[in-house]
Every structure is written in structure tokens, then in C-alpha cells.
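Student: Kindly return the folded structure for what I paste below:
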Amino acid sequence: MTEHEAQVWEQRYATGAYQPRTWTSAFLAEWIPRIPAVGTALDVACGAGRNALALAAAGFETTAVDISETAIARGQQAAAERGLIINWQVADLDSLSIKPETFDLITCFRFRSESLWPRLTKALKPDGWLIAEHHFKTSRPVAGPPTDAFRLRPGEYLQAFRDLRIIHYSETIEEADRPGESYAIERVVAINGDPGF
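Tutor: Got it, this is the predicted structure:
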């Protein structure tokens, strides 16, 4: 992420121009119970921590990373209010160093970085899970990122995580948070090994 983009996100959080979602992603909530064992989790582009909070509440030893100090501070406050322990980090995900085979679960919601995908794959422990969701490019009028540069290409997750075993993949046009708007959403669940089911 460029320095300018990082400043834009920090300003959006700090001024309140961006109101992050406070509820857990329904897609993540659907899949958490299917993961056979809790362990270490990494939530990249965590924002104010809505999904990191859910992971920690489910028993995962959670690390949450975002570029915005204000977003991380909000996440820290929310975790403290709930009595949850989360390792919060401010970092640029385009250059984030992640040790190989570190996490049992990695989540990435509403963020795209082609340079990040291989690092996420390598950061999964054997039998580790990856759950991701983001807007994708479409010719239909949809809400979401202002330009296609911030959207996934259709099928991007299939290519990006081809070294993992993909157990769920979808591209859908669905109702947005605001009435009358739609989102084009690409989702993937992948495992570094055999899921055993």
C-alpha cells in the first residue's frame, strides 16, 4: 500500500468518514464451527476488529493486523470491553513479513493484495484453514471499492490459492448493507491439506 493510501485509510477512520462494520462476517460465522480445532489465527486487514473479536471469542489465539492505528485502537478497546486477548499490530500488509507455517487459520475480509496471497498460503500450518471474502469486478452496477483496482478479478481466489485444497468457492451478487444497493462478492475457504470430510 502506498504511503498516500495508508494516510487515506487512517484519515477515514480518524474522522469517522468510514464507519466499519461492527458485526462478525456472516460467512466467517458460518465456517468457524466447521474448523475441527482452535489454534492460532491471523486476521489480516482487520479494520476495527470485528472478525478478530469473533475468532478470539471462539478460542483462537488471535493476531489482528491493519494499516490504520485508529482502527487498531478501536479494536483494542472492543477487545478490552469483552475481556478478550488479541495481539494487535499496525502494519502495511503489502510488506508484512509472516513466518511460514505459523497459523491454523487465516482470515482476510474486504482487502486485496496480490503480493499477500503467496505469503498467506505459506503462513498456514499443515491442515490450516484460509477463509477470505472480497468484492470482485463485474459489469453490473454494484457498491464497494471506488475503482476496479481494489476489486478481485473473477476467479482470482481460485488462482491465488491453487496450492491449497479449495473446499468452498463462490461469486455472488447480493444485497448490500444499504437498501437498493448490491455487492459483487467472491468467497473462498481453503485448507493446507486434507479436510478429512
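Student: what's the helix or strand for Val8?
Tutor: Per DSSP states H and E, Val8 falls inside helix 3-15.
Student: List the contacts of the following helix or strand past that helix.
Tutor: Once helix 3-15 ends, the next helix or strand along the chain (criterion: DSSP H and E) is helix 26-31. Here helix 26-31 makes contact (C-beta atoms under 8 Å, 6 or more residues apart in numbering) with 51, 54, 107, 109, 129, 131, 133, 168, 187, 189. Where C-beta positions appear, they are placed from N, C-alpha and C, glycine not excepted.
Student: what's the most distant pair in those residues?
Tutor: Ala54 and His168 (18.1 Å; C-beta to C-beta).
Student: Have a look at the two and say which one is more surrounded.
Tutor: Remark: of Ala54 and His168, Ala54 carries more neighbours, 21 against 13, as counted by other C-beta atoms under 10 Å.
Student: Contacts only, for the nearest residue to His168 once chain neighbours are set aside.
Tutor: Once flanking residues are discounted, His168 sits nearest to Val189: 4.0 Å by C-beta to C-beta, 6 or more residues apart in numbering. By C-beta under 8 Å, 6+ apart, Val189 lies in contact with 31, 129-131, 166-169.
Student: What are the boundaries of the helices in the protein?
Tutor: According to DSSP state H, the chain carries its helices in the segments 3-15, 26-31, 50-57, 69-82, 117-123, 156-160.
Student: Could I get the average pLDDT for the fifth one?
Tutor: Right, the one you point to is helix 117-123. What helix 117-123 shows for mean pLDDT is 97.
Student: swap in the second one?
Tutor: Mean pLDDT, helix 26-31: 96.
Student: Buried residues in it, which are they?
Tutor: Residues of helix 26-31 classed as buried under the neighbour-count rule (16 or more other C-beta atoms under 10 Å) are 27-28, 31.
Student: Turn these into CSV, including distance to Val90.
Tutor: Output for the buried residues of helix 26-31, formatted as CSV (distance: C-beta to C-beta, whole Å):
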residue, distance to Val90
Phe27, 26
Leu28, 22
Trp31, 27
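Student: mind checking which helix or strand of this structure has the lowest mean pLDDT?
Tutor: One helix or strand of the chain scores below all others by mean pLDDT, DSSP states H and E: helix 3-15, with a mean of 71.
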